[in-house]
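**Q** Okay, here's the prediction I keep looking at, along with the sequence it came from:
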Amino acid sequence: MQPLIVVEQVSKDYGSLRALDGVSFTVERGEWVAIMGPSGSGKTTLVNLLGGLDRPTAGRLVVDGQVLNEMDEAQLTRYRAEKVGLIFQQFYLVPYLTALENVMLAQYFHSVPDQTQARQALERVGLGDRLHHLPAQLSGGEQQRVAIARALINQPPLLLADEPTGSLDEPNEETVVRLLRELHRAGQTILLVTHDPALARLADRRIELVHGRLAQVVVTDSDREVRLDHLLEEIFLCGEQGGTPCVADLNSVGPLELTHLLRQMNELGLVELDDVHVRLTEHGRQRACNLIRRRRLAERLFMDTFAIDDVQADSHACKFEHIISPELDERICTFLGHPRTCPHGHPIPPGPCCRRA
């Protein structure tokens, strides 16, 4: 399955100012990705490009199989109506139209207004009793929920949100955040610009921009982080046995998630991919080495020191490898006398404490 969004070496210049400089990443269907960075780092420029509101100076943008660079203005207008829902910090509601009419306005540009669908969209965001209120009669949080209903009315595959809670007070912010989480659980793909670290942590991944360049990609979903580590270990173990793993042979996760995780690992600089094989980078090898070391040390601790049976030791060690700090790792290793192998005879990668000893 192809990613919903492909950004390839995208740059955007405004005269002599370069707002984006060779940015590349992908977003999978159903992912929630947070875009962060200081003011002027290119976050809003990126949203405008993906929303079809602006054109890149260089590079390639693909959304749901459509290449935005190749579209004329009429095609971009249709793209905005069918493929993306846009939410901004400012609500951009028409002041003389009711909540219901503001939502129906988005339908007008897509196909034919449908009052029943518009009403259901407002009910979905908790505004079933505010259908006929003008924007001035609604709170900030209610206006933003109308904007969200408007963005979703045409069922776009991608929701682009630029600081959607930036002008809201805390209670209204919580309401909008809860709605975004519900949408994500329902399978909506969300690309969200935010300055709020707490909001960014709710996303599956965080992409950070600095001076128009991609500074880092961070997996924020703790469960996905664990699955990523397990896949990293599987690749490491294949190499430990003397082979270069084929993508088709990896089975620690399902095939669909395997594709997602390998792409993320590639963006994080952990692996290199070709059509058949996957190889650890030095960064990926070191991270996998640390995981394997902690797991095998834990197995040795549980089986030799606490006399826990093989099956239970393996289960506990699998959990332990994700929570042992470097300091505790060295203490356990020193306590055990810097063992060279786990109870099954597999080598324990040496740590700094072993080299010092």
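**A** Yes, it's here. Residues are numbered from 1 along each chain as shown.
**Q** residue ranges with poor pLDDT in the stretch 251-357 of the chain?
**A** Within the stretch 251-357 of the chain, the stretches with pLDDT under 70 are 254, 256.
**Q** And the helices in it?
**A** Secondary structure of the stretch 251-357 of the chain (DSSP state H, counting those that start in this stretch): helices located at 255-267, 282-300, 310-320, 326-335, 352-356.
**Q** Buried residues in the third one, which are they?
**A** Read it as helix 310-320. Ala313, Asp314, His316, Ala317, Phe320 (16 or more other C-beta atoms under 10 Å). Yep, even glycine has a C-beta here, placed from its N, CA and C like the rest.
**Q** again, but for the shortest one
**A** Across helix 352-356, burial judged by 16+ other C-beta under 10 Å covers Cys354.
**Q** ok, now stretch 255-269?
**A** The neighbour-count check on stretch 255-269 (16+ other C-beta under 10 Å) flags Leu258, Thr259, His260, Leu261, Leu262, Arg263, Gln264, Met265, Asn266, Glu267, Leu268 as buried.
**Q** now stretch 7-21
**A** Val7, Glu8, Val10, Ser11, Lys12, Arg18, Ala19, Leu20, Asp21.
**Q** List the ones among those residues that fall in strands.
**A** Val7, Glu8, Val10, Ser11, Lys12, Arg18, Ala19, Leu20, Asp21 (DSSP state E).
**Q** how many neighbours does Leu336 have?
**A** Counted by other C-beta atoms under 10 Å, the residues lying close to Leu336 total 14.
**Q** Return the distance of the residue found closest to it once you drop the neighbours it is linked to in the chain relative to Phe320.
**A** Distances taken as C-beta to C-beta, 6 or more residues apart in numbering place Arg300 nearest to Leu336, at 5.7 Å, with adjacent residues excluded. Note on Arg300: its distance to Phe320, by C-beta to C-beta, to the nearest Å, is 11 Å.
**Q** Then Glu234?
**A** For Glu234 relative to Phe320 (C-beta to C-beta), the value is 18 Å.
**Q** where does the stretch 101-250 of the chain dip in pLDDT?
**A** Low-confidence segments of the stretch 101-250 of the chain, defined by pLDDT under 70: 109-112, 222.
**Q** how about the strands in it?
**A** 158-162, 189-193, 205-210, 213-219 (DSSP state E, counting those that start in this stretch).
**Q** Within its sheet, name the partner strands of the last one and how each one runs.
**A** Strand 213-219 has its sheet partners listed here by DSSP bridges as strand 205-210 (antiparallel).
**Q** Same question for the second one.
**A** When pairing is defined by DSSP bridges, strand 189-193 lines up against strand 32-36 (parallel), strand 158-162 (parallel).
**Q** and of the ones you listed, who's closest to Asp72?
**A** strand 158-162 (20.4 Å; C-beta to C-beta).
**Q** just how off-centre is that closest one within its chain?
**A** The chain centroid and the centroid of strand 158-162 are separated by 13 Å under C-alpha atoms, centre = their mean, to the nearest Å.
**Q** follow-up on the earlier one: how about the buried residues of stretch 255-269 in TSV, adding distance to Leu158?
**A** Below are the buried residues of stretch 255-269 laid out as TSV (distance: C-beta to C-beta, whole Å):
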residue	distance to Leu158
Leu258	23
Thr259	19
His260	16
Leu261	21
Leu262	22
Arg263	17
Gln264	18
Met265	23
Asn266	22
Glu267	19
Leu268	23
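**Q** closest one to Thr175 among the helices of the stretch 251-357 of the chain?
**A** Nearest to Thr175, of the helices of the stretch 251-357 of the chain and by C-beta to C-beta, is helix 255-267 at 29.9 Å.
**Q** Just want the angle from that closest one to strand 205-210.
**A** Orientation note: helix 255-267 sits at an angle of 20 degrees relative to strand 205-210 (axes from the mean of the first three to the mean of the last three C-alpha atoms, to 10 degrees).
**Q** Does helix 255-267 pack against any helices or strands, and if so which?
**A** strand 17-27, strand 213-219, helix 222-240, strand 271-273 (3 or more C-beta pairs under 8 Å, 6 or more residues apart in numbering; DSSP states H and E).
**Q** List the buried residues in the last one.
**A** For strand 271-273, burial by neighbour count (16+ other C-beta under 10 Å) applies to Val271.
**Q** Next: stretch 126-143.
**A** In stretch 126-143, counting by 16+ other C-beta under 10 Å, buried: Leu127, Arg130, Leu131, His133, Leu134, Pro135, Leu138, Gly141, Glu142, Gln143.
**Q** Asn102 is in contact with the fifth one, correct?
**A** Spelled out, that is Leu134. No: Leu134 lies out of contact with Asn102 (C-beta atoms under 8 Å); the separation is 9.3 Å.
**Q** Can you measure across stretch 67-78, start residue to end residue?
**A** Chord length of stretch 67-78, first to last residue, is 13 Å (C-alpha to C-alpha, to the nearest Å).
**Q** Check stretch 144-164 too.
**A** First-to-last residue span, stretch 144-164, C-alpha to C-alpha: 8 Å.
**Q** same deal with stretch 158-171?
**A** Using C-alpha to C-alpha, the end-to-end distance of stretch 158-171 comes to 26 Å.
**Q** and it, how far from the chain's centre?
**A** Put simply, stretch 158-171 sits 17 Å off its chain's centre (C-alpha atoms, centre = their mean).
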